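A predicted structure for the sequence below; I have some questions about it.
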Amino acid sequence: MSTSRNVIPTEDEVRKAAIELKKGNPTSGVAKIHSLLLGANLSWTVSEKRVRKILQSEGLVRSDGTPSVTTNIIHPSFRLNQSLDIDKWTSRVEVKYFDAIKGKGLVAKENIAKGDVLWKEDPFILAPEWEMYDLQRASEACSFCSCLIRDHSPLHMSCEASTTATPCTARYCNRLCRLQAEKAHPLLCSARNPASVPLLAFARDAQWMALHALAQCTSRLLLASQQDGATFDLDWEVVQGLAELGMEERAQCLREQGLEPDRENWRRAFELYLQAFKEPRTPAEQKKLARILKKPIPEELQKFTFEYQAFLRGLGRMSLNLEAHGGLYRLHSHLNHSCTPNVSIRHLDQRTALSRITVIAKEDFEIGQELLITYTNPKNNLKDRRRRLSEWGFGPCQCERCVAEEKDWKESDDNTLEADDLADQLKAGLGVL
């Protein structure tokens, strides 16, 4: 008995099915994937042209329909943080795991009204924008919360290790900020660990926020390993739970746009990174580091920290999860993307805790609805937004806005998309894209 093919699947359904089939049959071309797709979904009506466009948009086949040189599907990896206690911030949202491609996200646990404050959150680590970092180095902003401290106050405090002979410019709003800063500052302190100075200077000169953030994160993990096991486990779970795409994997995404990675800078950064946290050059610097890291570093943490490929994954992890102003937040890092975000991230506590974020609903939410921010500039057009997302292994965005704009685009001129794709390929071939 024959089965009637009378179901036209959605773009998302076809995309997911085609990707899974391509993953299992990496050497197959469009015609074969199309045949397998119809064989697995007997009620679907799907044209080969539709499958071709999807596979091309994912970089899985060339324009002639043959398999791409890159047969592995590149996308960020995810891991749930089982120890995350969301109730510390809010009882109104929860973590949801979607699938292997999309990973995890946050959804509403109850109905939420537009304008509601959902939670406030302080950063796990902070690598502030460079203008703010320069103020911190000039002792004009708090080295923990980044609030301005130009006016004199008896509450302001300097780094406790700073002396005339070995100065440290870190300055704090108050005793609490100085105490909290001890979770990461000692290994980045010019007085206590001068071996870190070249690394931070390199990050500043290159304006490499991800490298600065990785230095902050590494310092926090290494210092936590010197405390009790429970303290280390909590911090370890936070970092392990972050979305991850290594620099080499990202390079494959960028290569399709005609861009090549700067591996020389990667290597130089890694050398300075090891110098800061593991192998200082001078005996005096080695002794100072040994005074801070008295206990042996767990083998698991050493592999996660001091191997070159792990370092590259760490850089990618920071870039994927940092908030726009340089903070890395436990709960905020779970938020997924939409070109029409439904929550906004604000820095409202400018006089008391500038690095603290406030998450506000931009619309009414129903139970189970996902909270979304934007990873790109929402003012950009469809093509530019998707290109930016593709740089980090995210497939073409299928949010409501993108789907509607793509439909309008195709209806206005069915050939526009193919013409633009051809132009991009030509530019990439010439090395000008």
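Great, that's in hand. Everything quoted here is computed from the prediction, not taken from an experiment.

sticking with the residue most central in space within the chain, tell me its helix or strand.
Central residue of the chain (C-alpha atoms, centre = their mean): L320, 1.2 Å from the mean position. Per DSSP states H and E, L320 falls inside helix 308-321.

same question, L118
strand 117-121.

what's the first helix or strand after that strand?
Per DSSP H and E, the first helix or strand lying C-terminal to strand 117-121 is strand 125-126.

just after that following strand, pick out the following helix or strand.
Per DSSP H and E, the first helix or strand lying C-terminal to strand 125-126 is helix 130-137.

that next one: which residues count as buried?
132-133, 135-137 (16 or more other C-beta atoms under 10 Å). Just so you know, the C-beta spots here come from the backbone N, C-alpha and C atoms, and that holds for glycine as well.

you'd agree A276 is up against R192?
No. Using C-beta atoms under 8 Å, A276 is not in contact with R192, being 11.9 Å away.

what residues does stretch 400-412 touch?
Outside stretch 400-412, the residues that touch it by C-beta atoms under 8 Å, 6 or more residues apart in numbering are 11, 338-340, 381-382, 385-386, 396, 416-417.

are any of those residues buried, and if so which?
Here, 16+ other C-beta under 10 Å leaves 338-339, 382, 385-386, 396, 417 buried among the contacts of stretch 400-412.

tell me the one of those nearest L176?
Closest approach between the buried ones among the contacts of stretch 400-412 and L176, by C-beta to C-beta: S338, at 36.4 Å.

thinking again about what came up before, so can I have a markdown table of the contacts of stretch 400-412 showing secondary structure, pLDDT and distance to K303?
Formatted as a markdown table, the contacts of stretch 400-412 follow (DSSP: H, G, I helix; E, B strand; the rest coil; pLDDT from 0 to 100; distance: C-beta to C-beta, whole Å):
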| residue | secondary structure | pLDDT | distance to K303 |
| --- | --- | --- | --- |
| E11 | helix | 83 | 41 |
| S338 | coil | 94 | 36 |
| C339 | coil | 94 | 38 |
| T340 | coil | 93 | 41 |
| N381 | coil | 91 | 43 |
| L382 | helix | 90 | 42 |
| R385 | helix | 91 | 37 |
| R386 | helix | 88 | 36 |
| P396 | coil | 84 | 35 |
| T416 | helix | 50 | 49 |
| L417 | helix | 45 | 45 |
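
closest to G103 among these?
S338 (14.8 Å).

I figured the closest one hits Y375, correct?
No. Counting by C-beta under 8 Å, S338 sits too far from Y375 to count as a contact (9.0 Å).

how about the contacts of stretch 400-412, which pair is most distant?
S338 and T416 (23.8 Å).

just want the phi and psi numbers for A361.
phi -70, psi 130 (degrees, to the nearest 10).

so where is this protein shaky, pLDDT-wise?
Within the chain, the stretches with pLDDT under 70 are 1-5, 27, 59, 61-73, 256-257, 413-433.

residue ranges of the strands in it, please?
93-99, 103-108, 117-121, 125-126, 157-158, 171-172, 327-328, 336-337, 343-346, 357-361, 372-373 (DSSP state E).

relative to K294, which of these is closest?
strand 125-126 (22.3 Å).

picking up where we left off before, with distance to V93 added, can I get the contacts of stretch 400-412 in TSV?
Listed next are the contacts of stretch 400-412 as TSV, based on distance: C-beta to C-beta, whole Å:
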residue	distance to V93
E11	28
S338	16
C339	21
T340	19
N381	31
L382	29
R385	25
R386	27
P396	27
T416	39
L417	37
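
what's the burial count for A100?
11 (other C-beta atoms under 10 Å).

hmm, I typed the wrong one, I wanted L179.
With other C-beta under 10 Å as criterion, L179 counts 12.

and it, how close does it get to G246?
Taking C-beta to C-beta, to the nearest Å as the measure, L179 falls 35 Å from G246.

could you do H347 as well?
Distance, H347 to G246, using C-beta to C-beta: 30 Å.

who's more crowded, these two?
When H347 and G246 are compared for neighbours, G246 comes out ahead with 21 against 16, by other C-beta under 10 Å.

now do the same contact list for that one.
With C-beta under 8 Å, 6+ apart, G246 has these contacts: 309, 312-313, 315-316.

nearest residue to it other than its sequence neighbours?
Among residues not flanking G246 along the chain, R313 sits closest, at 4.2 Å (C-beta to C-beta, 6 or more residues apart in numbering).

close enough to count as contact, the one you found and L242?
No. Using C-beta under 8 Å, R313 makes no contact with L242, being 10.3 Å away.

pick out whichever of these two has more residues nearby.
L242 (23 against 20).

tell me the phi and psi of that one?
Dihedral pair for L242: phi -80, psi 150, per degrees, to the nearest 10.

residues in contact with it?
By C-beta under 8 Å, 6+ apart, the residues touching L242 are 317, 320-321, 328, 333.

fine, thanks again, bye for now.
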